[in-house]
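Engineer: Predicted model, plus sequence, below.
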Amino acid sequence: MFKILVGLRRSCCSSVKSRIENRANCISRIWFGPLPKDSQWIKPGRLHYLENDVEKQVDIIKTMNGVVVLLYNKSREKLIFVRQLRGAVYQGIYSAGSSEMSKGEANLEKFPPEIGVTLELCGGAVDKDKSLAEIAKEEVLEECGYEVTTESLKHVYDYRSGIGTSSSAMTLYYCEVCDDQKVSEGGGVDTEKIQVLEMSVEESRKLVQTGAITNGGPSCLMGLLWFFLNKAPNLST
């Protein structure tokens, strides 16, 4: 399976002839460790409840809510994506077939870092005391380099990122931009290393065709399906 995922980079950069604006980051080492008790991103716990007088329990993880933005550049008729290493994805592939959490040094020859690199829509955590639209606007600027207004962000969906062990509230926006709004290369802030990737409408359509494989979350697929149902038919008019 991970051999297919390693090939995603080639399919994004060669087969569909897409353009990556930020150079790929070189990851030379990966290792696994325990979750610190003071993690600001994840809080594990156990929920107990009675159902028909039967006591039940489920292990849960509290995570932050998030916003996601599907960006379409009208100047070049391109959809805009981001790529970055996601540790949870890498660990999921690395430890597939085992119920234990991975520990120690990762074998990068057998499991290259590329298997954990995802294809996603622009977005981020709701970790500021601001409106969802304001946070989404900041993410568009930080990750993709476009200056947009909150009024240009069309609200599409509110949904849950997962309903098994975690259940973050997610908000999806759609936003159309043009080249004049490009004010930086993006790529994230602080230590983030985010690659910006553009695909044509037809290239992007391949991502939601039957049998397609994408190494990202459902937000990307949901956004694309909405786009092809509601926006793509009108682009040529």
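Structural biologist: Yes, it's here.
Engineer: so where's the chain shaky on pLDDT?
Structural biologist: For the chain, the stretches with pLDDT under 70 are 1-25, 236-237.
Engineer: Report the central residue of it.
Structural biologist: E120 (3.6 Å; C-alpha atoms, centre = their mean).
Engineer: Once you drop chain neighbours, what's closest to that one?
Structural biologist: For E120, ignoring the flanking residues on the chain, the nearest one in space by C-beta to C-beta, 6 or more residues apart in numbering is G216 at 4.7 Å. The way it works is simple: take the backbone N, C-alpha and C, and place the C-beta from them, glycine included.
Engineer: quick one: secondary structure of the one you found?
Structural biologist: Three-state call for G216 (DSSP: H, G, I helix; E, B strand; the rest coil): coil.
Engineer: same question, S219
Structural biologist: S219 - assigned by three-state DSSP - is helix.
Engineer: Give me the number of neighbouring residues for it.
Structural biologist: Using other C-beta atoms under 10 Å, S219 has 22 neighbouring residues.
Engineer: ok, it to W31 distance?
Structural biologist: In this view, S219 and W31 are 28 Å apart by C-beta to C-beta, to the nearest Å.
Engineer: if I read this right, the residue nearest to the centre of the chain contacts V89, doesn't it?
Structural biologist: No. Look at E120 against V89 with C-beta atoms under 8 Å: they stay out of range, at 10.4 Å.
Engineer: my read is I93 is in a helix, agree?
Structural biologist: Yes. Going by three-state DSSP, the assignment for I93 places it inside a helix.
Engineer: Touching, L141 and E147? I think so.
Structural biologist: Yes. At 5.9 Å, L141 counts as touching E147 under the criterion of C-beta under 8 Å.
Engineer: Need the residues touching each of the two.
Structural biologist: Common neighbours of L141 and E147 (criterion: C-beta atoms under 8 Å, 6 or more residues apart in numbering): V183.
Engineer: Can you report phi and psi for Y173?
Structural biologist: The phi/psi pair for Y173 (degrees, to the nearest 10) reads phi -120, psi 160.
Engineer: What number of residues are in the vicinity of it?
Structural biologist: Y173 has 27 nearby residues by other C-beta under 10 Å.
Engineer: Spatially, and excluding backbone neighbours, which residue is closest to it.
Structural biologist: Take Y173 and drop its neighbours on the chain: the residue closest to it by C-beta to C-beta, 6+ apart is L153, 4.3 Å away.
Engineer: What is the burial count for the nearest residue to G33 once chain neighbours are set aside?
Structural biologist: Nearest residue to G33, sequence neighbours excluded (C-beta to C-beta, 6+ apart): K103, at 7.7 Å. Neighbourhood size, K103 [other C-beta under 10 Å]: 11.
Engineer: gap between K103 and Y94?
Structural biologist: Separation of K103 from Y94 (C-beta to C-beta): 11 Å.
Engineer: so where do the helices sit in the protein?
Structural biologist: Secondary structure of the chain (DSSP state H): helices located at 2-10, 87-94, 132-139, 201-205, 218-230.
Engineer: what residue of this protein is the furthest out?
Structural biologist: D53 (40.6 Å).
Engineer: if we can go back for a sec, higher neighbour count, L141 and E147?
Structural biologist: Neighbour totals were compared for L141 and E147, and L141 leads with 17 against 13 (other C-beta under 10 Å).
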